[in-house]
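Undergrad: Predicted structure and sequence below. I'll ask about it afterward.
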Amino acid sequence: MKGEDIATLEKPPNHKLFNEQQISPVLQRRIDASKNALAPPAPVVNISLGKEISGLFHPVQSSSPAPGPSHTPDHGHLLPPSHAPGRDMPISEFCDLYSLGPDILEKFASHLYKDARVLRFVTLADLKEMGFRLGEIAGLRDAVESWSVQTS
């Protein structure tokens, strides 16, 4: 069984099931199996991300707030828990200073809000009840965060 008459994977036997003109299912399965066996495995990339990355997917549970601006809308109040109220001023001056617009000022005035210091008691639910729209709430939250003083 030596010599050029031997059948191999590259040189199948001279039989109708191994006709190279028309590949038989048996030969095709053998070719596919040999290609898969010789193909290099897909690359595996392992990345080690520290425990800090988990904070992106889970809210911080500790009592110390994360550095930087507060982005936790779930605390419920307009003033973030990690901030103290800023300088007191009339609510009209506050709205003007932070470019909040006449609609926001009108909503505060119609509910008898007169001074910026009382914003620490306002909840996000209060704003919705007063008819604030989502964009107005976002602008107001940004203004209050800029106006307030971070405590920790």
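TA: Arrived safely, thanks for sending. Numbers count the residues shown, from 1 in each chain.

Undergrad: Just the buried residues of the helix or strand bottoming out on mean pLDDT in the chain, please?
TA: Least confident helix or strand of the chain, by mean pLDDT, DSSP states H and E, is helix 25-38 with a mean of 74. For helix 25-38, burial by neighbour count (16 or more other Cβ atoms under 10 Å) applies to residue 27. (Glycine included, C-beta is placed from N, CA and C.)

Undergrad: What is the helix or strand just after it packed up against?
TA: Note on helix 25-38: by DSSP states H and E, the next helix or strand toward the C-terminus is strand 83-84. Strand 83-84 makes packing contacts with strand 149-150 when contacts are defined by 3 or more Cβ pairs under 8 Å, 6 or more residues apart in numbering; DSSP states H and E.

Undergrad: Tell me how this structure divides into domains.
TA: 9-40, 74-150 (automatic domain parsing).

Undergrad: out of these, which comes closest to residue 49?
TA: domain 74-150 (24.4 Å; Cβ to Cβ).

Undergrad: Am I right that residue 104 is in contact with residue 130?
TA: No - taking contacts as Cβ atoms under 8 Å, residue 104 lies outside contact range of residue 130: 9.9 Å.

Undergrad: These two: which has the busier surroundings?
TA: residue 104 (23 against 15; other Cβ atoms under 10 Å).

Undergrad: who's in contact with that one?
TA: When contacts are counted by Cβ atoms under 8 Å, 6 or more residues apart in numbering, residue 104 is found next to 95, 132, 136, 139, 140.

Undergrad: give me the element it is part of.
TA: Counting by DSSP H and E, residue 104 is found in helix 102-110.

Undergrad: And the average pLDDT for that helix is what?
TA: Averaged across helix 102-110, the pLDDT comes to 93.

Undergrad: What residues of it count as buried?
TA: Applying 16+ other Cβ under 10 Å to helix 102-110 flags 104, 105, 107, 108 as buried.

Undergrad: Can you lay out those residues as a markdown table showing distance to residue 149?
TA: Below are the buried residues of helix 102-110 laid out as a markdown table (distance: Cβ to Cβ, whole Å):
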| residue | distance to residue 149 |
| --- | --- |
| 104 | 22 |
| 105 | 23 |
| 107 | 25 |
| 108 | 21 |
